[in-house]
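A.B. asks: The amino acid sequence is not available; the structure is as follows:
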């Protein structure tokens with residue numbers, strides 16, 4: 001998925017040209033991404049509030065059909081349709097986060113391409129020279145090339161190489177540009193991978209895990225405060241509270257420190273965002289807004305999502321050999337009058353049902 005790094009690389013290069021510091025470039029980029037995602041966070045908050053509004057109805061269905069999972073699923077789909085709620089809407093921020101993360105992995109591993117604009121041909125030639133010197137090609141190749149030219153340690157210990165080996169590949173101006181590229185941030189070389197053990201490189205992985213843990217605690221606290229801890233799936237959420245800090249720490253240890261910094265700043269931004277959301281867009285306010293929207297929606301035509309849910313439910317009933325659901329009076333009143341009397345319509349409906357389900361229907 002390296003193609004995702006191209007547009008992110010353009011933005012990173014633009015920021016770096018002004019800042020001339022890789023660490024601050026990552027910080028500014030991360031804050032910019034979180035600001036652009038803020039509207040989605042507001043939408044997710046609204047989705048949570050919407051779920052809170054009709055949560056009692058879901059709990060009632062769960063008790064009513066606790067021994068009939070098929071019917072429970074059908075009635076839950078029907079409720080979602082009536083409320084205009086899309087259970088997948090809350091997944092969008094997570095999907096975008098993962099897409100940006102995959103793109104950032106490519107940017108962090110390929111600073112020559114994305115931040116300095118070096119062509120792939122020159123990078124391949126430099127990599128081949130490293131291989132001839134005994135280097136085992138890895139995703140760290142571009143970072144190692146830059147570290148060699150800057151006189152820093154590389155990922156493969158014990159390999160004796162010199163910056164002069166690239167003189168026939170890169171121009172003097174490009175070599176100078178690589179030498180001047182500022183990987184340093186708070187005493188850390190963001191172009192290297194953290195070492196396991198008690199040393200300065202573990203600062204970012206530890207911060208990544210701690211900030212992720214704080215974010216999980218905040219999420220659980222807010223959901224408990226709004227009464228959402230009774231929602232189905234909270235057990236999974238508590239499991240994620242343990243998994244996410246471990247995952248964050250693993251990411252920060254497994255990839256160059258620059259990616260760990262991006263992940264850590266992202267966690268901090270999420271903590272700040274959640275604090276703002278629960279202060280400015282409190283669950284009580286969002287709940288009131290959602291209730292007004294729900295009342296207004298009942299007067300509007302069905303949305304595309306509602307129609308899809310309705311069709312899916314109708315198809316499911318057909319497969320089960322069940323008759324169609326009864327049409328609500330509000331829906332029936334919207335149907336055009338075809339001039340038939342009530343008795344004629346009833347007779348016609350019985351005829352259609354008999355044709356579809358056989359003589360058993362009349363019995």
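C.D. replies: Happy to help now that I have it. Please read these numbers as outputs of a predicted model, since none were measured by experiment.
A.B. asks: In contact with residue 61, which residues?
C.D. replies: Listed by Cβ atoms under 8 Å, 6 or more residues apart in numbering, the contact partners of residue 61 are 72, 75, 76, 79. Where you see a C-beta, it was placed from the backbone N, CA and C, and this is true even at glycine.
A.B. asks: Which strand or helix spans it?
C.D. replies: Element membership of residue 61 [criterion: DSSP states H and E] is helix 55-64.
A.B. asks: Helices of the stretch 1-150 of the chain, start to end?
C.D. replies: Ranges of helices within the stretch 1-150 of the chain are 5-19, 22-36, 38-53, 55-64, 69-83, 92-109, 111-114, 120-132, 141-150, based on DSSP state H, counting those that start in this stretch.
A.B. asks: what's the answer for the stretch 201-350 of the chain, then?
C.D. replies: Applying DSSP H, counting those that start in this stretch to the stretch 201-350 of the chain gives helices spanning 203-225, 234-254, 257-280, 283-297, 304-319, 329-332, 342-357.
A.B. asks: Report the residue ranges of every domain in this structure.
C.D. replies: Described in terms of automatic domain parsing, the domain architecture of the chain consists of the residue ranges 2-110+198-294, 116-180.
A.B. asks: Least reliable of the helices of the stretch 201-350 of the chain by average pLDDT, please.
C.D. replies: Comparing mean pLDDT across the helices of the stretch 201-350 of the chain, the lowest value falls on helix 329-332: a mean of 44.
A.B. asks: residues contacting residue 205?
C.D. replies: Contacts for residue 205 were tallied using Cβ under 8 Å, 6+ apart; they are 194, 249, 252, 253, 260.
A.B. asks: so how many other residues sit close to the third one?
C.D. replies: To tie it back to what came earlier, the one meant is residue 252. Residue 252 is flanked by 28 other residues according to other Cβ atoms under 10 Å.
A.B. asks: Now do it against residue 65, distance only.
C.D. replies: With distances defined as Cβ to Cβ, to the nearest Å, the gap from residue 252 to residue 65 amounts to 45 Å.
A.B. asks: before we move on, what about the first one?
C.D. replies: The gap separating residue 194 from residue 65 is 51 Å, by Cβ to Cβ.
A.B. asks: got it, and the fourth one?
C.D. replies: Separation of residue 253 from residue 65 (Cβ to Cβ) stands at 46 Å.
A.B. asks: what about those two, which has more around it?
C.D. replies: Counted by other Cβ under 10 Å, residue 253 and residue 65 do not tie: residue 253 has more neighbours, with 20 against 16.
A.B. asks: wait, isn't the more buried one in contact with residue 194?
C.D. replies: Yes. With contact defined as Cβ atoms under 8 Å, residue 253 and residue 194 form a contacting pair (5.3 Å).
A.B. asks: Help me confirm that residue 260 comes into contact with residue 266.
C.D. replies: No. At 10.5 Å, residue 260 and residue 266 do not qualify as touching, with contact defined as Cβ under 8 Å.
A.B. asks: pLDDT wise, what is the most centrally placed residue in the chain at?
C.D. replies: By Cα atoms, centre = their mean, the chain has its centre lying nearest to residue 94, at 1.5 Å. What the model reports as pLDDT for residue 94 is 78.
A.B. asks: that older thread, just send the domains of the chain back as a markdown table, with distance to residue 188 too.
C.D. replies: Shown next, in a markdown table, are the domains of the chain (distance: least, Cβ to Cβ, whole Å):
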| stretch | distance to residue 188 |
| --- | --- |
| domain 2-110+198-294 | 6 |
| domain 116-180 | 12 |
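A.B. asks: tally of neighbours for residue 95?
C.D. replies: Residue 95: 10 surrounding residues under other Cβ under 10 Å.
A.B. asks: The one 10 residues further on now?
C.D. replies: Neighbourhood size, residue 105 [other Cβ under 10 Å]: 21.
A.B. asks: so how far is residue 254 from it?
C.D. replies: When distance is defined by Cβ to Cβ, residue 105 is 10 Å away from residue 254.
A.B. asks: Next: residue 41.
C.D. replies: Computed with Cβ to Cβ, the distance linking residue 41 and residue 254 is 27 Å.
A.B. asks: The two: who's more crowded?
C.D. replies: More neighbours surround residue 41 than the other of residue 41 and residue 254, with 17 against 12 (other Cβ under 10 Å).
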